[in-house]
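A.B. asks: structure for the following, please:
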Amino acid sequence: MSGILREQLGRAPFLACLSATDKEGILRELTAFLVQREVVPAHRQEEVRLALAEREAKMSTGMQFGIAIPHAKLSGLEELVAAVAVSREGVEFDALDRKATHIFVVTLSPATEVGTHVRFLADISRLLSSVSVRTALTAATSHAEMMEALYGNV
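C.D. replies: Reported below is the predicted structural model:
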């Protein structure tokens with residue numbers, strides 16, 4: 001695991017039980033979670049949601065194997081921030097393989113930053129390409145289990 005990925009996941013909040021049942025609801029819930037965990041300030045909640053939705057409108061961040069990586073760039077951020085969430089039921093997220101999405105890694109990066117953002121996206125995609133990581137992550141019911149799923153399988 002790269003340094004940037006370990007650093008970001010080490011600080012990232014984890015949510016083991018998304019309840020939304022559609023793409024818009026997931027983006028709203030993820031944004032509210034980022035505010036609740038003080039990753040972004042409350043006054044920027046709608047701005048963050050809109051930035052994520054605009055990115056999704058350009059091209060879905062739903063990948064394959066039940067993974068989506070909603071992301072956006074925002075002015076005023078000092079560094080990349082991330083959160084990891086799991087939907088037990090799975091959500092239609094316009095994934096490449098047309099299957100339900102269960103694992104969501106939301107990232108926000110400074111508007112002027114390029115390298116860190118691209119490295120993080122590549123590294124998290126590589127980590128989640130492991131069946132054992134995905135299986136452990138979707139089975140996790142606590143923050144500790146989610147951390148073990150990510151750190152214990154690399």
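A.B. asks: where do the strands of this protein begin and end?
C.D. replies: All strands of the chain, identified by DSSP state E, fall at 14-15, 67-68, 71-74, 81-91, 101-110.
A.B. asks: wait, residue 30 sits on residue 56?
C.D. replies: No. With contact defined as CB atoms under 8 Å, residue 30 and residue 56 do not form a contacting pair (11.3 Å). Every C-beta, even on glycine, is put in place using the N, C-alpha and C of the backbone.
A.B. asks: what sits in contact with each of these two?
C.D. replies: Shared contacts of residue 30 and residue 56 (CB atoms under 8 Å, 6 or more residues apart in numbering): residue 70.
A.B. asks: just the helices in the protein please.
C.D. replies: 3-11, 23-36, 45-58, 115-128, 131-139, 143-151 (DSSP state H).
A.B. asks: where among those helices is average confidence lowest?
C.D. replies: Note on the helices of the chain: lowest mean pLDDT is at helix 3-11, with a mean of 74.
A.B. asks: what inclination does it have with respect to helix 115-128?
C.D. replies: 80 degrees (axes from the mean of the first three to the mean of the last three CA atoms, to 10 degrees).
A.B. asks: tell me which residues in helix 3-11 are buried?
C.D. replies: 4, 5, 7, 8, 9 (16 or more other CB atoms under 10 Å).
A.B. asks: which residues sit against stretch 21-41?
C.D. replies: Under CB under 8 Å, 6+ apart, the answer for stretch 21-41 is 13, 15, 18-20, 42, 44-45, 48-49, 52-53, 56, 68, 70, 81, 83, 85, 87, 89, 91-94, 104, 106, 108.
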